[in-house]
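Engineer: coords please:
(2 chains)
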Number of protein chains: 2
Amino acid sequence: MVLVRPRNPLNIGAAARAMSNFGAHRMRLVNPYTAAFREARSAVGASSLLRNAEEFETVAEAVADCCLVVGTTAVRSRVLQHPLKGLAQAGNAVRKQLQRGRVALLFGSEKIGLTNDDFSHCHWLLSIPTHEEHISMNLGQAVAVCLYELARGKPAKSVPGDIPLATAGDAEQITRGLLEALNISGYIKPGTSVMFEQKARRLIRKLHLEAYDAKLLLGMVRQVLWKLHQAEVHHSEEK
Amino acid sequence: MVLVRPRNPLNIGAAARAMSNFGAHRMRLVNPYTAAFREARSAVGASSLLRNAEEFETVAEAVADCCLVVGTTAVRSRVLQHPLKGLAQAGNAVRKQLQRGRVALLFGSEKIGLTNDDFSHCHWLLSIPTHEEHISMNLGQAVAVCLYELARGKPAKSVPGDIPLATAGDAEQITRGLLEALNISGYIKPGTSVMFEQKARRLIRKLHLEAYDAKLLLGMVRQVLWKLHQAEVHHSEEK
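Structural biologist: Here you go, the predicted structure:
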């Protein structure tokens, strides 16, 4: 459970309560509004879950040890660049993945939700099916509904011989290396780097790499990078 | 939706919000704490649903026009004198009944829930399956979870069309480009190239690339290749 830039201490507390209702243990916050986090933590009856909540500066750090990252969104009309699942379908997919590693569920801030940059760290997005007239849910209630749905289905049976998946941290290392190589190669045009970075990140997430393959790919990228750097040094020495 | 003796204006507001999220229209309150109801009604952004909420003095009056009355409870250990259904099962029963007339869903006060007297107006009770260590849910969250489950059974919305996948030809072009780049970079050791080629091919096939992503990746690989070749030419010219 990752709350990105939450602003309201009551919502942080409500999210923590829903987590303990439905047996989720690990709460992480990315750039919470400092006063809100302090207030939520010091509230009467704040749970140990809330007191043990971890704080991160970036989404990348908060999800680094997870093998599946799912963003939540109320948006349905805007063209999303990610696959979007309804909550019931998402529940099945998440339960399956939980057999293989940690899953991060990202919730955005009360006002604006998750940004495109946050989305770029996600494998796919989920949306709670609400009525057209009033789509947007309260944060604490959205967390409760999502966790209810996850707990609702029977835990997926573990499949013997399941192959370990790459973590978000592995994927981010590959993304960084790829971006560096493309930068040196002149693939990235000036002024397009932020959007392209998100595009590259989405691409790598969509591959759902296995841990072994991620290691292999990272090795390849690094070697190519090394060669590119060598060429650069060579070029500058010559001048 | 009948709230019995609610005390917290935030919970009344949250219940109203969840109702509009999931398309429930009629809110009724039995003996609400007067100040709380007044505050919830006058809150900024209070919905018309909340402004139109009806107030009753007894449960009997509040449910008089309903053909099914269901109480909610967190209690599971105490001997209940009513049939108790889990939420998923309850959802089916309620949806069926909604074809025939109005259904009342009763939520008790934040502190003590519904009393035996309240229960006596109910056909049966429902309980949200929560973890043993922390059974009791926040009122606003419990309302949201119940209404989500009731709405959940409706037919799913249509899914946008399938996304075209990369062909084997696309994948092979990427594989070839990658192998060439790795060769130039010295990643592939002499004598291991055949096995490695198969390994790289399996890797790319396993990605199940979509057509668009394959095109993107191929462009990246080609640009890096171009840069590597440039460096080589440069190097040989110099000799």
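Engineer: C-alpha from now on. contacts and neighbour counts both.
Structural biologist: Will do.
Engineer: all strands in chain A, in order from the N-terminus.
Structural biologist: Applying DSSP state E to chain A gives strands spanning A:2-4, A:28-30, A:54-56, A:66-72, A:84-86, A:102-107, A:124-127.
Engineer: and those strands: which comes nearest chain B?
Structural biologist: strand A:84-86 (8.5 Å; C-alpha to the nearest C-alpha).
Engineer: avg pLDDT for that closest one?
Structural biologist: Averaging pLDDT along strand A:84-86 yields 91.
Engineer: pick the most buried one from the strands of chain A.
Structural biologist: strand A:2-4 (a mean of 26; mean count of other C-alpha atoms under 10 Å in any protein chain shown).
Engineer: ok, now which ones touch the nearest residue to residue A:150 once chain neighbours are set aside?
Structural biologist: Among residues not flanking residue A:150 along the chain, residue A:91 sits closest, at 5.0 Å (C-alpha to C-alpha, 6 or more residues apart in numbering or on different chains). For residue A:91, the contact set (C-alpha atoms under 8 Å, 6 or more residues apart in numbering or on different chains) comprises A:149-150, A:153.
Engineer: out of those residues, which is nearest to residue B:57?
Structural biologist: residue A:149 (35.1 Å; C-alpha to C-alpha).
Engineer: domains of chain A?
Structural biologist: A:2-152, A:168-238 (automatic domain parsing).
Engineer: looking at those, spot the one closest to residue B:142.
Structural biologist: Closest approach to residue B:142 among the domains of chain A is made by domain A:2-152 (8.0 Å; C-alpha to C-alpha).
Engineer: quick one: buried residues of the longest helix anywhere in chain A?
Structural biologist: For chain A, the helix with the greatest residue count under DSSP state H is helix A:211-238. Residues of helix A:211-238 classed as buried under the neighbour-count rule (16 or more other C-alpha atoms under 10 Å in any protein chain shown) are A:211, A:213-215, A:217-218, A:220-225, A:227-228, A:231.
Engineer: check those against chain B, which are close?
Structural biologist: Counting by C-alpha under 8 Å from any C-alpha of the partner chain, A:213, A:220, A:223-224, A:227-228, A:231 from these sit close to chain B.
Engineer: any chance of the residues you listed in CSV with pLDDT as columns?
Structural biologist: Shown next, in CSV, are these (pLDDT from 0 to 100):
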residue, pLDDT
A:213, 92
A:220, 94
A:223, 94
A:224, 94
A:227, 93
A:228, 93
A:231, 86
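Engineer: specify which member of those residues is nearest to residue B:205.
Structural biologist: Using C-alpha to C-alpha, residue A:213 is the member of these that lies nearest residue B:205, at 11.7 Å.
Engineer: coming back round to it: now the strands of chain A in JSON lines, with distance to chain B?
Structural biologist: Converted to JSON lines, the strands of chain A look like this (distance: least, C-alpha to the nearest C-alpha, whole Å):
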{"stretch": "strand A:2-4", "distance to chain B": "17"}
{"stretch": "strand A:28-30", "distance to chain B": "20"}
{"stretch": "strand A:54-56", "distance to chain B": "21"}
{"stretch": "strand A:66-72", "distance to chain B": "16"}
{"stretch": "strand A:84-86", "distance to chain B": "8"}
{"stretch": "strand A:102-107", "distance to chain B": "16"}
{"stretch": "strand A:124-127", "distance to chain B": "12"}
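Engineer: ok so, going back, want to throw the domains of chain A into CSV with distance to residue B:22?
Structural biologist: Putting the domains of chain A into CSV (distance: least, C-alpha to C-alpha, whole Å) gives the following:
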stretch, distance to residue B:22
domain A:2-152, 5
domain A:168-238, 31
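Engineer: nearest to residue B:72, out of the ones you listed?
Structural biologist: Among the domains of chain A, the nearest to residue B:72 by C-alpha to C-alpha is domain A:2-152 (15.6 Å).
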